[in-house]
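1. The following comprises the amino acid sequence and a computationally predicted model.
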Amino acid sequence: MNLNRLSRRSALKNIGLSALSLPILAQSTSLFADTQSPKAPKQRLVVMFSPNGTIPEHFWPKRIGEDFEHNTILKPLEPFHDKLLILRNLHNKVGGDGDSHMRGMSCLLTGIELFPGNVMGGGGTPAGWPKGISIDREICKHFQSNTETRTRFGGLHFGVGIKDSADPWTRMSYDGPNQPVTPLADPYEAHRKLYGNIQEKKKVRSILDDLRNDFKKVADQLPESDRKLLIEHTRLVNRMDKEYSGGRALTKLTAKPPQLPDGIRNQNDNLPQLGRMQIDMLVNSLVNDFARVATLQYTKSVGQAKMNWLDIENSHHSLSHEPDKNKDAYDKLIRINTWFAEEFAYLLQKLENTPEPGQKGSMLDNTLVMWTNELGKGNNHTLQHIPFVLAGNGFGFRMGRSYWCGDQNNSHNRLLLSLAHAVGHPLETFGNPSLCKGGPLDLS
């Protein structure tokens, strides 16, 4: 039995519940959610991914410092200038098995090599899954280890345009070595997971019926002194049954679940709608404190989405392989990456427009949102100068600037370390220890 369940059992005992009800009621992660809310400001991490590299000349600001101007691709982020931190000179230096797309994707948040495997990459370079946990899952487990930051799900992983295949090109989050985490690609499935459905509620009510019947069976066998407690237990079960029958959760939601439009299938042309649906649920899940860590993955490395809504009929990955002199492909890639920036801006705006529950300010004030990519540039497959755009004030970094991360070739492992340190998890290394030289970045 884990510590989480033990703590719930202790809380249930403190209010006088008998051993008969403990095995069931101790499994409720939300029954005492309100009493576990921390007084200190919450910290949250959201990671958004888009694939196939960027166009550096139209992505990076021309100037370093606070007075930088937003280049073409980052123009949609201008309203958040003072809450942005754009990091340059960070490189994915993880070597070993797999091609650049595979290592770019699966080593992006793990910072460690891939196992040898039989998934064949470009140029005859096979590989398997990473050898370690990803930083989002590491921070999630750190939060879950503390009763003050523990939440119902811990971490949530949303996908947009993710298909059923699973390989190092398709996963960026890992629970440990050889443990890929599958994103929730179907918004309706995600909605059911977050807010439950009628069938699940029927199962819970069936359990409550069994428990109520058990109470009746033992009632005549208990002394008078215990019958009063039994009556209280029965009332609790009846109250829980009434809440479920009314379609409510065990605790009142801070924000109502978003209403999803019907019939939006997981198809290429629906990506814009799917993305907004997933973002709306992601933010709502944070408002309701279902999780403190979330990821949002658009397609995958080597993703071949066709951005027809941008009047682009070519596949994204195929366009990214075209040489820079192909002006048509070059311009289309700028538009594609600008669209991803617009989706990132939509996510930031949702957080900015949502008041922090029970505190002053907005959700963005207590959240760090990171947008990244598996490649620095698509047509040369470089793992140098990986795009990292950070937004929000949740981690205490000094925002409102374009920042050059030192004079040497810095491994992105240092940024991953910085994320852990910012939430009070002072790891000495993360991922491959040899790539952590210099320790966490000083982003204060």
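-> Yep, it's here. Treat the numbers as computed from the prediction; the structure is a model and nothing was measured.
2. Please, where are all the helices along the stretch 301-444 of the chain?
-> 316-320, 327-352, 413-422 (DSSP state H, counting those that start in this stretch).
3. Name the residues that touch the shortest one?
-> Under the criterion Cβ atoms under 8 Å, 6 or more residues apart in numbering, residues 51-53, 299, 302-307, 312, 329, 332-333, 336, 378-379 lie in contact with helix 316-320. In this view, the C-beta of every residue, glycine as well, is placed from N, C-alpha and C.
4. And it, how far out from the chain middle?
-> How far helix 316-320 lies from its chain's middle: 26 Å, per Cα atoms, centre = their mean, to the nearest Å.
5. do the same with stretch 160-175
-> Taking Cα atoms, centre = their mean, one finds stretch 160-175 lying 13 Å from the centre of the chain it belongs to.
6. start at 23 instead
-> Got it, first residue is 23 now, which makes that one stretch 182-197.
7. Quick one: mean pLDDT over it.
-> The predicted model gives stretch 182-197 an average pLDDT of 94.
8. what comes up buried for it?
-> 182-184, 189-196 (16 or more other Cβ atoms under 10 Å).
9. just stretch 89-108 next, same as before
-> Using 16+ other Cβ under 10 Å as the test for burial, stretch 89-108 gives 90, 92-93, 95-96, 98-99, 102-103, 105-108.
10. Run through the helices of the stretch 23-172 of the chain in chain order.
-> Per DSSP H, counting those that start in this stretch, the stretch 23-172 of the chain carries helices over the ranges 25-36, 44-47, 78-81, 122-128, 157-166.
11. model confidence over the fourth one, on average?
-> Right, helix 122-128. The average pLDDT within helix 122-128 is 97.
12. Residues touching it, excluding its own?
-> Against helix 122-128 from outside (Cβ under 8 Å, 6+ apart): 73, 114, 116-118, 120, 135-136, 141, 143-144, 147, 149, 151-152, 190-194, 196, 322-324, 395-397, 403-405, 408.
13. What's the ChimeraX line that selects buried ones from those?
-> The ChimeraX selection below is limited to those of these classed as buried (16+ other Cβ under 10 Å):
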select :73,114,116,120,135,136,141,143,147,149,151,152,190,191,192,193,194,196,322,323,324,395,396,397,403,404,405,408
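14. Please flag which of the contacts of helix 122-128 sit within strands.
-> Using DSSP state E, the subset of these located in strands is 141, 143, 147, 149.
15. Spatially, which two of those residues are the most separated?
-> Greatest spatial distance among the ones in strands among the contacts of helix 122-128 (Cβ to Cβ): Val141 and Thr147, at 9.7 Å.
16. who touches both of these two?
-> Common neighbours of Val141 and Thr147 (criterion: Cβ under 8 Å, 6+ apart): 120, 124.
17. so where is this protein shaky, pLDDT-wise?
-> 23-61, 219-228, 230-234, 236-237, 239-244, 246-256, 259, 262-273 (pLDDT under 70).
18. So which residue is smack in the middle of it?
-> Centroid-nearest residue in the chain, with Cα atoms, centre = their mean: Ala316, separated by 1.7 Å.
19. what about that one, which SS state?
-> Per DSSP: H, G, I helix; E, B strand; the rest coil, the local secondary structure of Ala316 is strand.
20. and it, what is it in contact with?
-> Ala316 neighbours (Cβ under 8 Å, 6+ apart): 66-69, 177-180, 304, 307-308.
21. now do Ile86
-> Counting by Cβ under 8 Å, 6+ apart, Ile86 touches 110, 423-426.
22. closest to Gln201 among the residues you listed?
-> Distances from Gln201 to the contacts of Ile86, taken by Cβ to Cβ, are shortest for Arg110, at 31.9 Å.
23. what about the closest residue to that closest one other than its chain neighbours, how many neighbours?
-> Nearest residue to Arg110, sequence neighbours excluded (Cβ to Cβ, 6 or more residues apart in numbering): Trp426, at 5.1 Å. The local packing of Trp426 (other Cβ atoms under 10 Å) involves 14 other residues.
24. check contacts around Trp426.
-> 86, 110-111.
25. redo that, cut-off 10 Å
-> 86-87, 108-112, 432 (Cβ atoms under 10 Å, 6 or more residues apart in numbering).
26. Buried only: go through these for me.
-> 108-112, 432.
27. Can you name the two of the contacts of Ile86 that sit furthest apart?
-> The span of those, defined through Cβ to Cβ, is set by Arg110 and Arg423 at 10.8 Å.
28. Now do the shared contacts for the two.
-> 83, 86.
29. Report how many residues lie close to Ser384.
-> Neighbours of Ser384 (other Cβ under 10 Å): 18.
30. Can you tell me, leaving aside adjacent residues, what's nearest to it?
-> Glu374 (5.1 Å).
31. Just want to check the distance between the one you found and Glu135.
-> Distance from Glu374 to Glu135, counting by Cβ to Cβ, to the nearest Å: 38 Å.
32. what do you get for Ser307?
-> Distance of Ser307 to Glu135, given as Cβ to Cβ: 33 Å.
33. now do Phe362
-> The value you get for Phe362 to Glu135, if Cβ to Cβ is used, is 28 Å.
34. Gly461: how many residues sit nearby?
-> Gly461 has 15 neighbours, counted by other Cβ under 10 Å.
35. ok so, going back, how about the buried residues of stretch 89-108 in TSV, adding distance to Lys459?
-> Formatted as TSV, these follow (distance: Cβ to Cβ, whole Å):
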residue	distance to Lys459
Phe90	28
His92	32
Asn93	30
Ile95	31
Leu96	30
Pro98	35
Leu99	31
Phe102	32
His103	32
Lys105	30
Leu106	27
Leu107	22
Ile108	23
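36. who's Leu318 bridged to?
-> Taking DSSP bridges, one finds Met70, Phe180 as the beta-bridge partners of Leu318.
37. That one: what's it in contact with?
-> Counting by Cβ under 10 Å, 6+ apart, Leu318 makes contact with 68-72, 178-182, 205, 297, 300-301, 304, 365-366, 369, 391, 393.
38. Surely Arg174 and Tyr217 touch.
-> No. Counting by Cβ atoms under 10 Å, Arg174 does not reach Tyr217; the two are 11.3 Å apart.
39. still on that earlier bit, ok, the buried residues of stretch 89-108 vs Phe312, which is closest?
-> Lys105 (23.9 Å).
40. Fine, thanks again, bye for now.
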